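Engineer: What follows is a predicted protein model with its sequence.
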2 protein chains.
Amino acid sequence: MLKRQQGVRSNERTIVKDYRYPEQDMRFVLDELVGIERLAALPGQEELSAELVYAVLEEAGRFANEVLAPLNEAGDRHGATLADGEVTTAPGFREAYRQFADAGWVGMSVDSEVGGQGLPNVLGTAVSEIWQSANLAFSLNPLLSQGAIEALHHHASAELQQRYLLPLVSGQWTGTMNLTEPDAGSDLAAIKARAVPKDDHYLITGQKIFITWGEHDCTDNIVHLVLARLPDAPPGVKGISLFVVPKFLPDEADNYCIRNDLRAVALEHKLGIHGSPTCVMSYGDNGGAVGYLVGEPHQGIICMFTMMNHARQGVGLQGLGIAERAYQQAMAYAAERVQGVGADRKTRVSINQHADVQRMLLTMKAATEAMRALALTASAEVDFSRSGQLAAEHQARTSLLTPIVKGWITELAQEVTYLGVQVHGGMGFIEETGAAQHYRDARILTIYEGTTGIQALDLVGRKCQSDGGQALRALHLEMQEDVAVIRDRYPRLAAEADSFAAALQVAQQARDWVLNNSADNAAAVQAGSVAFMMLQGYVTGGWLLLKSAACALEAADAERLDTGFAEQKVQTACFFNQQLLPRVFGLWPSIEKGYASLAALAATQFPA
Amino acid sequence: MLKRQQGVRSNERTIVKDYRYPEQDMRFVLDELVGIERLAALPGQEELSAELVYAVLEEAGRFANEVLAPLNEAGDRHGATLADGEVTTAPGFREAYRQFADAGWVGMSVDSEVGGQGLPNVLGTAVSEIWQSANLAFSLNPLLSQGAIEALHHHASAELQQRYLLPLVSGQWTGTMNLTEPDAGSDLAAIKARAVPKDDHYLITGQKIFITWGEHDCTDNIVHLVLARLPDAPPGVKGISLFVVPKFLPDEADNYCIRNDLRAVALEHKLGIHGSPTCVMSYGDNGGAVGYLVGEPHQGIICMFTMMNHARQGVGLQGLGIAERAYQQAMAYAAERVQGVGADRKTRVSINQHADVQRMLLTMKAATEAMRALALTASAEVDFSRSGQLAAEHQARTSLLTPIVKGWITELAQEVTYLGVQVHGGMGFIEETGAAQHYRDARILTIYEGTTGIQALDLVGRKCQSDGGQALRALHLEMQEDVAVIRDRYPRLAAEADSFAAALQVAQQARDWVLNNSADNAAAVQAGSVAFMMLQGYVTGGWLLLKSAACALEAADAERLDTGFAEQKVQTACFFNQQLLPRVFGLWPSIEKGYASLAALAATQFPA
């Protein structure tokens, strides 16, 4: 067992790189905001209890602290290397993956009918936050497997499930998603990879780029899910099909030892997540890689949509994970670093006694707790959408929140990791300190799995205009009702409830503006969509923290919760409300009035 | 001669890494906003003319394009290496420095009485923007030399000036600033380095960290300016003295060949500016490095203050430089990268046709032009403060604007380089593309030469409370008068003038709040100081762009300016006004009402 306190010496200062899972806040969100008893009431969750949830979190926390977090720096420093088409991962990654898989973590939230443990999605999400905090590059691997599991589970034939799904769920193999090509990034309609039928399978040819964990040495086989076009495919997204293309095919004795015609031809040299091999994959250089159709022909995009909520919420969660890690490190550094004098103008103090450093640290804390409240409640919506009378409402809420989870959390995570560097001062710019790694690692999160711009278009388009604003209106109504109750019931929160209500009103105005302009003024809506998404994100975060404060007061009153922690939740809600939420007043004018100047300047700057 | 279009092939796409100096906007700011005839009216500037200014810019632009910009990537990739106390810089740097020095660029704005060319400070600033854009890591070297030149010029004896200032001005040697120690960063009072008198000199001992260009192979000698304490020194900042400590001392024949007792013992492994060697310097390991006192004993901090305006404005300028470079690269990429379809929903278009990409690119453009307007007008204040009846007012304006130039520009530069990566999508995360280097390089700018928090404290304290708000009130009054004139004279800008006036009112409220709370509520002022600085920065940027729009219309009317360019200045001002300026409405509530929750939460999170 490794020692719990991981530190290195640099410039005669100990840098704390330890990670501990946020036990108290995670339990609070699951207990009070989501409600473990609500989860236990779901079909198949009869055995769920607070004790079980706590035990799972504790074990994940231990594994993250002892195994994954200590490898984070090595992953960054060594990266992965490619030689003769084989990728070697950073020292320790292979062994850690084996332990991770053997402990059953990959399939913990997968249906038991396909070999998973069938625990609630929200618990899997909480555990995944722990992985992402400990080691973002490592944790992308199981995240990708889970995406592949979801696609195969919903769309693959029984035979394909038997062959490829079960070893993914057990973690024996890993999965990847092969969408992007050099000319097809955000625009999947441009995909050119081809699939030609032959006997019981297809022969796949083409190049895919940015394939996360596309090749590695952690498992014996890798299951690639590949988007490609059949010979008779219509153009555009309606002509794309999904194939499962394993690295190794079975021989007649069903040993997976026949190398398929696919290989990693290059690794990208990236800004961050160096521990995660990002591959250029080439399919069919020697005639065609053997693949099997998943779902119906030309329905590949629909299969991808199945896993999109999961994958996008997963990346949002990475934003939360890296924010928590950056926050922990900045807190530890600021407590230890002595610089300047205190209020007596004489005694030298640690920098966490300076008001501006406190502002930075508390911004990190409040933002991270808002992210967690959002990420976990949104992922619980997935659980609640699977059964019951309100399944459709929960499904609509899931869809609505997904672009906010992905877009808002990952953007806010940039600020948190930025502040993490800033708190360190000059040491933040020195790589050994580790703050810069979080900053670099975080940078991909607003890009992959749909850029922030793509999330924002999803929010204003498919999630808002498509249903006439129904889902967003329902969310705003719920906020309004909550705030009214809070104002009445908790005098301490009355002033905060009022200032939140002013921000909510802006969010409602913005919603109506988007709906009213969607037909005649679509370009203005698009131009303002990122600001709109951020605005809705801040209001949603503010609402959940205000609700957290109320829940905390109630739970403390009922002696279910430590009063000190409850007090802290109240203060954090107030801080978010006063320091971060007012940003909506800066965003709204740019949405409402920002397009005229943009259009005028764009006309001269970007001639078609 | 190198070819003008520098590009590398990656993933079958050309990545443009060329840099061209922003000729039109620079000329405009110097001609119309600063006024070359005003500069030519200054003592000693009688020969200055637009032609001369244009010729200097053109030559700098050519040198940057052909020599410095092509080395930017090599500097990042190779960095500098240390062996046996000697630093080897990245391939090409040494030769480029020789060309740079030989062309006389180091001393272009230095007084002719000490060997400089005596050109105005503002022209040196414009040229320095060009260097910083082309190669930030390289350009730190002459920036540091200029700081050393300023300190020696104002405080050193005639003999020291003869020995050490002249070779710095010519670029034959370079200079450094040695302030920081492991326990003395923002807090210089904690400096421990010692200086003991011996004969005509002092023996210096101690360790200094984060010494930019502290050791290198570009010149034969390096002139270190070192802060240290004399044996009888009082504690705190009032006991620090400044010494000049050359790497090589003269022998009896005045050949600088005797190695002084100082050396680089380590190079930092940094997030960015890899081409710039950041050294841990050790003085006096063998008895003491020979140094000479600059100015009076215990007055080192005052000597440092002399060069602080220059150095801090210089770092603000680096923010502008890197923003311009990131903007140019993003513009080139977005024009070339085809993805998605246009308004006809059929034709594939380059991504600069998408509204959200346009928003990002125009945000980069408007922010960069606001930075340039501020950086150049602020640096012209230095010229105007050197003589004339209004010298004191110009000096006060210089002091006031300096923390805004450093703090606001470098923070905004983070957003611009962030958007530069975002515009590139997945390619932005790949190092070969170059967008990530700008993002990494920029990250130091809010830290060194006083963090953003230090700038903000300087603004609310020394620049605002100390004079009872006089300088800031004068600035706001000037804005108010300008806006009134603009509203009357330019109907096209009337609506913009009104919306600017609303933002200005907030800036005035914030100013009065800071002044009213400085005595009884100092912690609240400190906690809100960064938001205050950002708020004043946005208003100052908005004012200067609105003024630019008015100047452009006037100049176009008088046929001094291309009408297309004037139109673009008007649109850019409107864009900034509508898209960036409203942020003040988000900042102000956090200043006015944000402290209560911060104090409450800090009390539980950061026990003293």
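Structural biologist: The structure has been received and is ready for your questions.
Engineer: Each with direction, which strands does the longest strand along chain A pair with?
Structural biologist: Ranked by number of residues, the top strand in chain A under DSSP state E is strand A:201-212. Sheet pairing for strand A:201-212, assigned by DSSP bridges, gives strand A:194-198 (antiparallel), strand A:278-283 (antiparallel), strand A:289-294 (antiparallel).
Engineer: what's the closest of those strands to A:Ala494?
Structural biologist: Closest to A:Ala494 of these, according to CB to CB: strand A:278-283, at 50.6 Å. Every C-beta, even on glycine, is put in place using the N, C-alpha and C of the backbone.
Engineer: what's in contact with that closest one?
Structural biologist: Strand A:278-283 has contacts (CB atoms under 8 Å, 6 or more residues apart in numbering or on different chains) with A:82, A:87, A:178, A:193, A:204-215, A:224, A:226, A:245, A:261-268, A:270, A:289, B:11.
Engineer: List the residue ranges of chain A that fall below the pLDDT cut-off.
Structural biologist: A:1-16 (pLDDT under 70).
Engineer: Tell me where the stretch 101-250 of chain A has helices.
Structural biologist: For the stretch 101-250 of chain A, the helices defined by DSSP state H, counting those that start in this stretch cover A:121-134, A:136-155, A:158-160, A:166-169.
Engineer: Of those helices, which stretch is the most buried?
Structural biologist: Most buried of the helices of the stretch 101-250 of chain A by mean neighbour count (mean count of other CB atoms under 10 Å in any protein chain shown) is helix A:121-134; its value is a mean of 26.
Engineer: ok, for A:Trp408, nearest residue in space, not its chain neighbours?
Structural biologist: Closest residue to A:Trp408 apart from its sequence neighbours, by CB to CB, 6 or more residues apart in numbering or on different chains: A:Gly537 at 2.7 Å.
Engineer: who are the neighbours in contact with the one you found?
Structural biologist: Applying CB under 8 Å, 6+ apart, the residues contacting A:Gly537 are A:Leu374, A:Ile404, A:Gly407, A:Trp408, A:Ile409, A:Glu411, A:Leu412.
Engineer: relative orientation of the helix or strand containing A:Glu59 and helix A:121-134 in degrees?
Structural biologist: Per DSSP states H and E, A:Glu59 falls inside helix A:50-63. Counting by axes from the mean of the first three to the mean of the last three CA atoms, to 10 degrees, helix A:50-63 lies at 20 degrees to helix A:121-134.
Engineer: Identify the residues contacting helix A:50-63?
Structural biologist: Residues from elsewhere that reach helix A:50-63 (CB under 8 Å, 6+ apart): A:20-21, A:23, A:26-27, A:30-31, A:36, A:99-100, A:103, A:105, A:108, A:119, A:123, A:126-127, A:130-131.
Engineer: Ok, which of the helices of the stretch 101-250 of chain A comes nearest chain B?
Structural biologist: Chain B lies closest, by CB to the nearest CB, to one member of the helices of the stretch 101-250 of chain A: helix A:136-155, at 12.9 Å.
Engineer: does any bit of that closest one sit next to chain B?
Structural biologist: No. Using CB under 8 Å from any CB of the partner chain, we find that helix A:136-155 stays clear of chain B, coming within 12.9 Å at best.
Engineer: Put the alpha carbons of that helix into PDB.
Structural biologist: Provided in PDB are the C-alpha atoms of helix A:136-155 (Å, rounded to 0.1, in the frame of the first residue of the first chain):
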ATOM      1  CA  LEU A 136      -8.200  12.000 -16.200                       C
ATOM      2  CA  ALA A 137      -6.000  10.400 -18.800                       C
ATOM      3  CA  PHE A 138      -6.400   6.900 -17.300                       C
ATOM      4  CA  SER A 139     -10.100   7.300 -16.700                       C
ATOM      5  CA  LEU A 140     -10.900   8.100 -20.300                       C
ATOM      6  CA  ASN A 141     -10.300   4.400 -21.100                       C
ATOM      7  CA  PRO A 142     -13.200   3.000 -19.000                       C
ATOM      8  CA  LEU A 143     -15.400   6.000 -20.000                       C
ATOM      9  CA  LEU A 144     -15.000   5.100 -23.600                       C
ATOM     10  CA  SER A 145     -15.700   1.400 -22.900                       C
ATOM     11  CA  GLN A 146     -18.900   2.400 -21.200                       C
ATOM     12  CA  GLY A 147     -19.900   4.400 -24.300                       C
ATOM     13  CA  ALA A 148     -19.300   1.300 -26.400                       C
ATOM     14  CA  ILE A 149     -21.200  -0.900 -23.900                       C
ATOM     15  CA  GLU A 150     -24.200   1.400 -24.100                       C
ATOM     16  CA  ALA A 151     -24.200   1.400 -27.900                       C
ATOM     17  CA  LEU A 152     -23.800  -2.400 -28.200                       C
ATOM     18  CA  HIS A 153     -26.400  -3.100 -25.400                       C
ATOM     19  CA  HIS A 154     -29.100  -1.100 -27.200                       C
ATOM     20  CA  HIS A 155     -28.400  -1.900 -30.800                       C
END
